[in-house]
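> got a sequence here, can you build the structure:
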Amino acid sequence: MSTRVSSVLAAGPAPTDPTLESFGRDPWWLIGGKVLAIFAFLVLTVLITMWIERRVIGRMQLRVGPNRAGPFGLLQALADGVKLALKEDIVPRQVDKVVFVLAPIMSAVPAFISFAIIPFGPTV
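Next up is the predicted model:
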């Protein structure tokens, strides 16, 4: 018997391929880390895309804010976020308030859940 075959036999049986039963047995902290990593990726991607878009459109329109408010125009987006958070919510009188509040949530949740199908495999 060759030395290669004897070293393979001494190492033990070959690992089995992952099956459906072995999927989803990660510890809670690993699942939380994956969720946090996906969420951080999505948020940062949107922020960077918005920042680039605002700078390009600001240069096209010769607007000062998106290109000079703070370092690299980063404070313009922060100022717009604060302005949006402090705006008064206007709810029309004859609207169903439950549907008015739940409609944006019901449209955003499936968009975020769609990232749950990204396969990470049974082991890390």
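
> and the strand or helix carrying residue 47, what's buried?
Secondary structure assignment for residue 47, by DSSP states H and E: helix 28-60. Residues 51, 54-55, 58 are the ones in helix 28-60 that count as buried (16 or more other CB atoms under 10 Å). For glycine as for every other residue, the C-beta is placed from the backbone atoms N, C-alpha and C.

> so after it, what's the next helix or strand?
Sequence-wise, the next helix or strand downstream of helix 28-60 (DSSP H and E) is helix 65-68.

> which strands and helices sit next to whichever helix or strand comes after that next one?
Remark: after helix 65-68, the chain's next helix or strand is helix 74-85, criterion DSSP H and E. Helix 74-85 is packed against helix 28-60, helix 65-68, with contacts defined by 3 or more CB pairs under 8 Å, 6 or more residues apart in numbering; DSSP states H and E.

> least confident of those helices, on average?
Mean pLDDT is lowest for helix 65-68 out of these, coming in at a mean of 70.

> can I have that helix written out in PDB, keeping just the CAs?
Taking Å, rounded to 0.1, in the frame of the first residue of the first chain, the C-alpha atoms of helix 65-68 are listed here in PDB:
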ATOM      1  CA  GLY A  65     -25.100  72.300  -0.300                       C
ATOM      2  CA  PRO A  66     -24.400  68.800  -1.500                       C
ATOM      3  CA  ASN A  67     -20.800  69.600  -2.400                       C
ATOM      4  CA  ARG A  68     -19.700  72.000   0.400                       C
END
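
> what does that helix contact?
54-55, 57-59, 73, 76, 79 (CB atoms under 8 Å, 6 or more residues apart in numbering).

> buried residues in that helix?
Applying a neighbour-count criterion of 16+ other CB under 10 Å, one finds residue 66 buried in helix 65-68.

> can you give the distance from that helix to the centre of its chain?
27 Å (CA atoms, centre = their mean, to the nearest Å).

> now stretch 41-52
With CA atoms, centre = their mean as the basis, stretch 41-52 stands 10 Å off its chain's centre.
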